[in-house]
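# predicted model and sequence below, questions to follow.
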There are 2 protein chains.
Amino acid sequence: MNVDVDLSPLREYLSVENVDGYLIDDDAADSDQRYVSGFTAPDPYQTLVTRDGVHLLVSGLEYGRASSEATADSVTRRAAYDYQRLVADHGQYEGTIRMLAAFLEDHDVASVAVPRNFPTGTADGLREHGLAVTVEPDGIVTDIRATKTDWEIDQIRASQRANEAAMARAEELIATADVEDGVLVRDGEPLTSEDVTEEIEVTLLRHGCALDETIVACGADGADPHDRGSGPLEPDELIVIDIFPRDKETGYFADMTRTFARGEPGDEARRRYDVTREAYEAALETVAAGVTGADVHDAACDVIEDAGYETLRSDPNAETGFIHSTGHGVGLDIHEEPSVSPAGGELQAGHVISIEPGIYDPAVGGVRIEDLVAVTEDGYENLTAYRIGLEPTAGGRQ
Amino acid sequence: MNVDVDLSPLREYLSVENVDGYLIDDDAADSDQRYVSGFTAPDPYQTLVTRDGVHLLVSGLEYGRASSEATADSVTRRAAYDYQRLVADHGQYEGTIRMLAAFLEDHDVASVAVPRNFPTGTADGLREHGLAVTVEPDGIVTDIRATKTDWEIDQIRASQRANEAAMARAEELIATADVEDGVLVRDGEPLTSEDVTEEIEVTLLRHGCALDETIVACGADGADPHDRGSGPLEPDELIVIDIFPRDKETGYFADMTRTFARGEPGDEARRRYDVTREAYEAALETVAAGVTGADVHDAACDVIEDAGYETLRSDPNAETGFIHSTGHGVGLDIHEEPSVSPAGGELQAGHVISIEPGIYDPAVGGVRIEDLVAVTEDGYENLTAYRIGLEPTAGGRQ
C-alpha cells in the first residue's frame, strides 16, 4: 500500500483558500482519486480530503474491499445516508446529490474545492443545496503524485520487468523469423505487426499486465510516432517497438521502446540509430534533481541538431527529424507530470520519467530508444534493464 | 461504422429547452461521446451536437484519424482556434476554455446543455465567458444508445463469438484436469482460478478482445456474485465462470456466464442448477418489445421463489438465494440501459440485454447461467451460441 502519500500541499491550498474540503467524484478512470484514497472501483465513488483526514464514500458492494484496501482514514457506506430511500423519493440524480450533501455535512464541510474534471451535475446540484463549490485550477494532486514514493517506484519497476519480458519475446520473433520474398516469415506465414503485438500482449498478460495499445511499426509506418503499425514486417527496414503496459493489480504503468532491423537497413538508418542513442545518452546524463525537463530536452536536441537533423526546437513545423518531446512522467497514468519538453519545469527526486528521443523520416523509417528512469538527487536510477542494439537477438535482452 | 445513429430525441430536448447545442468534453472513457461522434481518443476531445450537425474538435495528432473514422459531420483541429497561442498567453486551463468558446461561437452556439459528468472546470470557465451552461439531467444519449443499430448488434455478436471461444477453453481446462487430493490438477500442478482466468484472457486477446476482470469462482467464492475467485479449483464443487470481453477495435462488450462442476456436486447443487436454468428459460420466454424489464425479472423470481429459494423480491435483505437483478443492457459499456430489474422499464426492439439469474449460498456455492440477447418485436434473438450443462466437456460447446 502507498502509505507515504503527502497531501500537505493540498491542505495548504484548502487553508489559504479558506475551503473546508477537497471532493473527488469519479471512478476507476481517475488516477488522482485512486492515489488519494488508495482505492479504485469500476463504479463512481467519492473521496473527501479535509484538513485532518481522507474520507471515502462507497456502495455497500464495495464497502468490504474498501475497508481492507483503502489508505483513507474512514470508509462510509452510502446506506449510512439512506441512499436507497433518497433515490426512491427523489430519483437517482437528486438522490445522489442529497446523499453527498449529507456526507459533507457529516464531516462539517460547507465549502469544497473540486478538480477541473469534477462532474458539473454534482457541482451544480451541491450548489443548489447551498454548498460552495469552486474549481482547484492547478491540478495539485496531479503535481503531488508526480513525485513517487519508494513503494510506487517498486510498482513501476515491476511493470517494467513485465515489459522487458514482452520486449524480449518481440525481439526473439524478429530475430528468429525467416526471410522470404522481402518479408519476415514465421511457420511459413508472413510475420506481421499484428502477430508481434499479439505475442507482446499475451506475454504481458502472463506477467499480470494489460495494455490497450502497442506500437510495432516497420519502415514508413515507424516514421509516424503514433502509427501502431500493420502488415508484414520487412527485412532491411527499421522496426520501432514501443510497449507501455499497466499492472492489472497496482495500476502502475511502465514504458520502453527499442528499434530493431533484420538484415541491412543501410548507412543512413544506422547513422540515425547512433545519433538517437547519443541523444538518449546525453539526455540521461543531464537528468538530476534541480535540472529542468527543458534542460534534458535541450541536451537531446543539441545532439540531434549537431548531427544535421531537424528538431521542433530548430523548426517548430518540422515534419521529419526529432518531432516530439524527450519524455514524460509515468505512474498511474501513462502520460503524467513532469514534462521533459520545452515546457518542462524543475525535476525532483522521485519523479519517474521516460527518456525517448527519436529521429523520423518516411524515406528512412523511424528510430526511437526509450528507457524509464527515476530522478535522484544527483542523477537517476534506470528502471529499465534491456540491452540497446539494432541487431535483434534471441534471448539476448541483457 | 455506426451510421444509423438517431439523435432526434436529443435535438428535441435542445428545441424544447431552447438551447443551441449539446457539448461533450471527455476522452475514451466516455461511451456517450464515442457513440455520438463515432470516434474515440485517449486524450480529451470535444463533440458538439447542434440542431443540424455533429461537430468534433480534436488535436492535430488526432485530426487525420478523426477525419477518416468519425461519423461526425465536421472535424476541426484545435489549431483552427490558435490553441497553442491561447495556451502560451493564458495557460493550459484558460487557453482551453477560450478555444472552446471560439469553437462554440464558430457554430453560433451561445447556450449549451451538457451531460452530468461534464467537467466543472470547463462549465464554470465557459460561464465566465458569458455562455449559458445547463446540465441535461436525464441521460438522453445513454437512453438513445440503449437501442442498438443493426451494425451495433453485429459488433456485440462478434464479441460474443470471442467470448464463446474463451468459455470453451475454460470448460476444456476443467473437463480435462486430473483430480488428485481434492483439487483439480494440470501438468502436475493444482489448476487455479488464476490459471483459468489467464487462459481465458489469452484466448480473448487472440480474438481481438480485452477485459479487465473475469470471474472463475469455485465453491463458497462463487456464492458472492462479485468475488472473482482465487486458488485451486476443486472437484464436486460448483464453478461459476463469468466472462465479459470488450472488442479492442469497436469497443463493444459481450457477456456470458456458465456454471460447471467436475465430479458430483450433490443433489442440492444439481437442484439449484435446474431451478436456475428454469428461471433463465422463464425470463427469456418473457422477453419481447413492450414487456418491461421488471416483468422479465418477475418471471425469473417466480420460478426461484416457487422452488423455495429467497429472492430480493421476497426479502429485500436476503443474503442467499437470487440476490441480484436478472440482467442489464450491454453495449459500449458493460452495464448500461435498460435494466432488467424491479426498476426496469419497457423493453424496445434493439435493446441488447443479459439474462442471468442465479442462486447463491456459501454452504452450497453459486449457480449462474447467462446469455446475451437482442430484444425483437415478438421475442428475442439469442446472441449466444453456447451449450448449457453442468458437466464440463472438452470441445463440446454446442
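That came through fine.

# and the longest helix seen in chain A, what does it pack against?
Longest helix in chain A by number of residues (criterion: DSSP state H): helix A:150-176. Applying 3 or more Cβ pairs under 8 Å, 6 or more residues apart in numbering or on different chains; DSSP states H and E, we find helix A:150-176 packed against strand A:183-186, helix A:193-206, strand A:209-210, strand A:239-243, strand A:246-247, strand A:256-260, strand A:352-355, strand A:371-376. For every residue, glycine as well, the C-beta is placed using N, CA and C.

# what residues does chain A put near chain B?
Proximity of chain A to chain B is confined to A:29, A:42, A:61, A:93, A:114-124, A:133, A:135, A:137, A:198, A:201-202, A:205-206, A:210, A:212, A:226, A:248 under the rule Cβ under 8 Å from any Cβ of the partner chain.

# among the residues you listed, which ones are in strands?
Residues of the residues of chain A next to chain B located in strands (DSSP state E): A:114, A:133, A:135, A:210.

# and the pLDDT at the third one?
On the pLDDT scale, residue A:135 is placed at 97.

# rewinding a little: dump the ones in strands among the residues of chain A next to chain B into a markdown table; add neighbour count as well.
Output for those, formatted as a markdown table (neighbours: other Cβ atoms under 10 Å in any protein chain shown):
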| residue | neighbour count |
| --- | --- |
| A:114 | 24 |
| A:133 | 20 |
| A:135 | 20 |
| A:210 | 17 |
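
# hmm, which two among the residues you listed are most spread apart?
Maximum pairwise distance among these (Cβ to Cβ): 35.2 Å, between A:133 and A:210.

# mind listing residues that contact the one helix or strand in chain A whose mean pLDDT sits lowest?
Least confident helix or strand, chain A: helix A:60-69 with a mean of 89, by mean pLDDT, DSSP states H and E. Applying Cβ atoms under 8 Å, 6 or more residues apart in numbering or on different chains, the external contacts of helix A:60-69 come out as A:1, A:38-39, A:41, A:43, A:45, A:56, A:58, A:72, A:75, A:77-79, B:226.

# now, those residues that are in helices?
In helices, judged by DSSP H, none of the contacts of helix A:60-69 are found.

# what's the most distant pair in these?
Farthest-apart pair in the contacts of helix A:60-69 is A:1 and A:79; separation 25.8 Å (Cβ to Cβ).

# more neighbours, those two?
More crowded of residue A:1 and residue A:79, by other Cβ atoms under 10 Å in any protein chain shown: residue A:79, with 13 against 9.

# right, and the secondary structure at the spatially most central residue of chain A would be what?
With distances taken as Cα atoms, centre = their mean, residue A:334 lies nearest the centre of chain A, 1.2 Å away. Reducing the assignment at residue A:334 to three states with DSSP: H, G, I helix; E, B strand; the rest coil gives coil.

# give me every residue that touches it.
Residue A:334 neighbours (Cβ under 8 Å, 6+ apart): A:244, A:246, A:253, A:255.

# so which of the residues you listed wins on neighbours?
Among these, the one with the most neighbours (other Cβ under 10 Å) is residue A:253, at 28 neighbours.

# from chain B, how far off is that one?
Remark: distance between residue A:253 and chain B (Cβ to the nearest Cβ, to the nearest Å) = 12 Å.

# that residue touches residue A:210, doesn't it?
No. Here residue A:253 does not reach residue A:210: they are 10.5 Å apart, not a contact under Cβ atoms under 8 Å.

# orientation of the longest helix of chain A relative to strand A:239-243 in degrees?
Computed by axes from the mean of the first three to the mean of the last three Cα atoms, to 10 degrees, the angle separating helix A:150-176 from strand A:239-243 equals 150 degrees.

# what residues sit buried inside helix A:150-176?
A:152-153, A:155-175 (16 or more other Cβ atoms under 10 Å in any protein chain shown).

# can you name the residues that contact the residue nearest to residue A:146 when sequence neighbours are not counted?
Distance criterion Cβ to Cβ, 6 or more residues apart in numbering or on different chains; nearest residue to residue A:146, sequence neighbours excluded, is residue A:337 at 3.8 Å. Shown in contact with residue A:337 (Cβ under 8 Å, 6+ apart): A:139, A:142, A:143, A:146, A:329.
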